[in-house]
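K.L.:
Mind looking at a prediction? Sequence and model below.
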Amino acid sequence: MTKNIMEYEVPKIRIENGAFKKIPTHVGKYSTKFTIITDGHIKKLGNDLLSAMRKFGLSCNLIILPPGEHTKSISFAEKIATHLVHLGNKRDSCLIALGGGVIGDLTGFMASIFMRGINYVSVPTTMLAMCDSCIGGKTGVDLPEGKNLLGTFYNPKEVIIDPLLVTSLPDKQIKIGMAEVIKHAVLADAQFFKFLNRNTTAILSKKPTVLKQTIAKSVQIKLSIVKKDGREMLQNTQKDVSRMLLNYGHTVGHALEKLSKFELSHGEAIAIGMVAENRIAVGKKLLKEVDAVKIESLIKKFGLPTKMPSQYSPAQLKTAMGMDKKHIDGKLFFALPLGIGKAKIMHV
Ligand SMILES: NC(=O)c1ccc[n+]([C@@H]2O[C@H](COP(=O)([O-])OP(=O)(O)OC[C@H]3O[C@@H](n4cnc5c(N)ncnc54)[C@H](O)[C@@H]3O)[C@@H](O)[C@H]2O)c1
């Protein structure tokens, strides 16, 4: 049967405290030769996984990259590819992305193009990666002109989420990840929004049961959106199901990330972006002021910024937004909330 290009093929997803230790028992079916790709901040995790894989009898190597958004580039993709060739990788090899969104996007991109596509497994280690970027099959690298301008849709064979891995994560990174989680709640689930309000302290203090619930719900919401529109093909014609809904906060957010030369993290930039885009929604009478206030309060409660940095002029912001992918027929599209738990796509 012909596969529908719109479909998102949901990979196997495990969300389990302690799943990290069991990785070798799960991945053997995908290859006999593995390369873990990780970054320098979590090289201990990388070395632990490397030892566990080898102890289990699997051939495995480890590539450690510099941490940070600048690694998500075509020059690092080329370096990885060269290294993979020298390590003897072939079409039946498998990559393991062990890290945050940067490592996940870059490794997924590499898996999609190396020898025209090889298997990979995603092991997210940040709150953002567990709750958001490991789901949906978007891979990519940045160009100096803008974020994620080169990329593919490509799914890992399996996503293995161990919520306990975030215990080593700096508090700031938990907050950053929560920006995408709040986004999911605003887009699709008013009950989850209330849950986040009730459990802010438990989440920020990394209480394992609450973290696992938060991650599982966020994954479920993201899946429910991407499933209907695997390749972001449903654009302005089918506003209520389009994957573009996930861009809430991102039209302004990506522009801010770029203007700040990535001094502002992705999560911080989209937190400000959600508040800014709410103003558009209130202005267009799509969103009630009272709901805009509730969203801003929750963002603040998680310690995320909400104010537009004063050093960027509206003209600079507009130019930066103009480089974004969210242009269709010359119009810039926004995903705007209609309340808490519902949103739509529109051009402004
Ligand atoms: N593909 C998608 O659908 C999607 C969605 C959202 C964001 N993204 C991308 O994700 C990226 C941001 O991801 P991120 O916020 O995870 O950033 P990141 O990958 O840079 O990780 C943040 C920091 O945390 C460190 N780290 C990772 N795991 C750790 C752990 N367990 N303990 C201690 N430190 C750890 C990293 O070394 C890094 O310094 C951006 O490039 C963004 O564009 C992609």
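P.N.:
Ah, there it is.
K.L.:
C-alpha only now, for contacts and for neighbours.
P.N.:
Will do.
K.L.:
how about the residues of the protein that lie near the ligand?
P.N.:
39, 41-42, 67-69, 99-103, 105, 125-126, 128-129, 132-133, 136, 138-139, 165-166, 168-169, 266 (Cα under 6 Å from any ligand atom).
K.L.:
Can you tell me which of those are buried?
P.N.:
Buried by 16 or more other Cα atoms under 10 Å: 39, 42, 67-69, 99-103, 105, 125-126, 128-129, 132-133, 136, 138-139, 165-166, 169, 266, out of the residues of the chain next to the ligand.
K.L.:
ok, back up a step: narrow the residues of the chain next to the ligand to those in helices?
P.N.:
101, 102, 103, 105, 128, 266 (DSSP state H).
K.L.:
now these as JSON lines including pLDDT?
P.N.:
Formatted as JSON lines, these follow (pLDDT from 0 to 100):
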{"residue": "101", "pLDDT": "96"}
{"residue": "102", "pLDDT": "97"}
{"residue": "103", "pLDDT": "98"}
{"residue": "105", "pLDDT": "98"}
{"residue": "128", "pLDDT": "96"}
{"residue": "266", "pLDDT": "91"}
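K.L.:
between these, which is nearest residue 337?
P.N.:
residue 266 (19.9 Å; Cα to Cα).
K.L.:
so that closest one touches residue 252, yeah?
P.N.:
No - judged on Cα atoms under 8 Å, residue 266 makes no contact with residue 252 at a distance of 11.1 Å.
K.L.:
Could I get the full set of strands for this structure?
P.N.:
12-15, 33-39, 59-65, 94-99, 119-124, 138-143, 146-153, 158-161, 327-328, 331-339, 342-347 (DSSP state E).
K.L.:
need those in JSON lines with mean pLDDT, can you?
P.N.:
Converted to JSON lines, these look like this (pLDDT from 0 to 100):
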{"stretch": "strand 12-15", "mean pLDDT": "98"}
{"stretch": "strand 33-39", "mean pLDDT": "98"}
{"stretch": "strand 59-65", "mean pLDDT": "98"}
{"stretch": "strand 94-99", "mean pLDDT": "98"}
{"stretch": "strand 119-124", "mean pLDDT": "98"}
{"stretch": "strand 138-143", "mean pLDDT": "95"}
{"stretch": "strand 146-153", "mean pLDDT": "91"}
{"stretch": "strand 158-161", "mean pLDDT": "98"}
{"stretch": "strand 327-328", "mean pLDDT": "60"}
{"stretch": "strand 331-339", "mean pLDDT": "89"}
{"stretch": "strand 342-347", "mean pLDDT": "89"}
